Structures are given as C-alpha cells and as structure tokens.
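S.K.: Just to be clear, the model below is a prediction. Sequence and coordinates:
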Amino acid sequence: MPSHLRLGVNIDHVATVRNARGGTEPDTVRAAHLIARGGGDSITAHLREDRRHITDRDIKRLKAEVPLPLNMEMAATDEMVGIALAVRPHAVCIVPERRAELTTEGGLDVVSARAALSPRIAKLNGAGIQVALFIDPDPVQVDATKEVGAPALEFHTGEYCNAPDGVTPMGRTRAKELKRLEEASTHAARLGLEVHAGHGLIVTNVGPVARIPEIVELNIGHAIVAEAIFVGFEAAIRSMRAAMDRGRGQGSAAHAAPSKSAVR
Ligand code: PXP
C-alpha cells in the first residue's frame, strides 16, 4: 500500500456562501489556512467561466498568501490557460464545464477533444504546472489522457457515489462502479499516469476509494463544507481525513473519530 493518500480540500462552497451576500465573509484564504491544521494537503478551487463561486482574486490570493499547493480546476479554454500561466498554481485539473450545470456532471471526453487539449496541456507542462484531466473511469479515456500528454488524471467518482447498493434496472451497483474505478486505476498507473479521484465523496463512502492503492490524491469539497456548518471547518476536514485513513488502512489515534453527525 503506498504511503500517504493526499487530501485536496475543495473550497468552492466557502466562496458560494460568501457570494450569497456579496461581501468578503467567509474568507477563502482563512479557510485555506485551516486545511493543513485539519490534515489536508492542498487547496482545490474551481475558477468557473461564470465565476459563480471562486473569483480571479481568490485564485491570486490563495497562491500568494497560503503556503499549500494550489490545484486550480478549470475548463480547457485559452482564457483559463492564460490565468494558470500567470498565477502558476502547483497543479490544474481540466474539467468539462456547462453553464447550466449545478456541478461538474461527468468526465471530459478526451477522445473527442484531443486536438483542443494537446497544445494547451503542452503549454501548462512547459510551465511546470502538473496537469490532470477529470475523466470517467473508462480505459478509452485513460489511453487518450496518456496520448494528449497529461501526466495525471482525476477519476470522477460521481457514478460510484450515486449508485445504489442493490441492483438497479440499468444493472449499475455501487460494487460495479467501485470495480470500474479499481480497474481503471490499475490501467492508468500501468501507463505511468498519476491517479487522483473525487466528486460526491462523503465520510461514509470514501473508504473503499481510499483503499485503491494506485490512487494518491482525493479532492473533496461539498461534504466537508456542509459538515463544517455543524462542527467547524478544521474538524470537518479532520473527520474526512480520518475516514480516508481508515479506508486506506492507516487509521491513527492522532486523528479524531468522525463526529456523530458525520456518520449517516
Ligand atoms: N474534483 C473535481 C474535478 C470537481 O469538479 C469537484 C467538484 O467541484 C470535486 C472534485 C469535488 O466534488 P465534491 O464537492 O462533490 O466533493
């Protein structure tokens, strides 16, 4: 089992709450400073085309004021590549974006977008920014990720999280979705790609994903920010960290047990 499973804490919804009143609170930089104290390893923030939560100013301040690695999620547009090259986050995760969606609703179709992705990835690689592509756990998309020159990928875990435990009319079950993730992770690692995962993960479903040995990073946001309302941001991160460590088989007395409200 590889050693540490990194936790990237997505702070988009700290900005969502701030923007609800148009002021400055809660401050994304203050939240980012708490990530390490809760056992997180990096900041994840999605600069969407419509700037519905994270803003350009957030990204600049997060890079300048917080000493943790910054993973900027973004669409593969020239505007976003320009911002990334100017700000120089540690990493970018390229996601598909549709204006009307509530959240990122599926993985990138790398196969169809090869021509658009390759030159943009080359520019980011050239600037020393790690590029991950957000894709479904599909071997065809994994192969295409390798072909377009991205050194990393992030598997969309939404299907796994949404699948019921029992059999469905479509035949999709949580166990089948987990197997897809496991097989795609093995395939990606064999190709030399760094494997991340995220979307929809909560304290009670993160364990089996954390157990996949090829996965080295999880990016988790909504569940942490939601739990933070009840227990505080640092404690919510700590609960997720502990659930990940238990899943990985690395539980430690140093990590607090999840709060009662986190276990549902
Ligand atoms: N990874 C990516 C690429 C995402 O777009 C998101 C959602 O912003 C996440 C991870 C985190 O998902 P969640 O907020 O459901 O934990």
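M.R.: Alright, I've got the coordinates.

S.K.: excluding its backbone neighbours, what's nearest P96?
M.R.: In space, P96 comes closest to L108 once its chain neighbours are excluded; the distance is 4.9 Å by CB to CB, 6 or more residues apart in numbering. (Each C-beta comes from the backbone N, C-alpha and C, glycine too.)

S.K.: need the contact list for the one you found.
M.R.: By CB atoms under 8 Å, 6 or more residues apart in numbering, the residues touching L108 are 76, 94-96, 117, 133-135, 141.

S.K.: For these, pick the one with the most neighbours.
M.R.: I94 (31 neighbours; other CB atoms under 10 Å).

S.K.: for that residue, what are its contacts?
M.R.: Contact analysis of I94 by CB under 8 Å, 6+ apart lists 73-76, 108, 117, 120-121, 131-134, 150.

S.K.: restrict the residues you listed to contacts with the ligand.
M.R.: Restricting the contacts of I94 to those touching the ligand (CB under 6 Å from any ligand atom) yields 73, 134.

S.K.: which regions of the stretch 151-264 of the chain lie under the pLDDT threshold?
M.R.: 166-170, 251-264 (pLDDT under 70).

S.K.: that older thread, next one: the residue nearest to P96 from L7, what distance?
M.R.: Using CB to CB, to the nearest Å, one gets 23 Å for the distance from L108 to L7.

S.K.: taking the contacts of L108 one by one, which sit in strands?
M.R.: 94, 133-135 (DSSP state E).

S.K.: which among these gets closest to I212?
M.R.: I212 has its nearest neighbour among the ones in strands among the contacts of L108 in I135, at 15.4 Å by CB to CB.

S.K.: Distance check, that closest one against H199.
M.R.: 11 Å.

S.K.: shared neighbours of the two, anything?
M.R.: Counting by CB under 8 Å, 6+ apart, the residues touching both I135 and H199 are H156.

S.K.: Turn the contacts of I94 into CSV, including distance to I83 and pLDDT.
M.R.: Listed next are those as CSV, based on distance: CB to CB, whole Å; pLDDT from 0 to 100:
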residue, distance to I83, pLDDT
E73, 12, 98
M74, 7, 97
A75, 11, 96
A76, 12, 96
L108, 19, 96
L117, 17, 97
R120, 12, 98
I121, 16, 98
V131, 14, 98
A132, 17, 98
L133, 18, 98
F134, 18, 97
A150, 18, 98
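
S.K.: Among the contacts of I94, which lie within helices?
M.R.: When DSSP state H defines the helices, the subset of the contacts of I94 inside them is 117, 120-121.

S.K.: In a markdown table, list these along with distance to R18.
M.R.: Output for these, formatted as a markdown table (distance: CB to CB, whole Å):
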| residue | distance to R18 |
| --- | --- |
| L117 | 32 |
| R120 | 30 |
| I121 | 32 |
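
S.K.: Closest one of those residues to R174?
M.R.: Using CB to CB, the ones in helices among the contacts of I94 come closest to R174 at L117, 30.8 Å.
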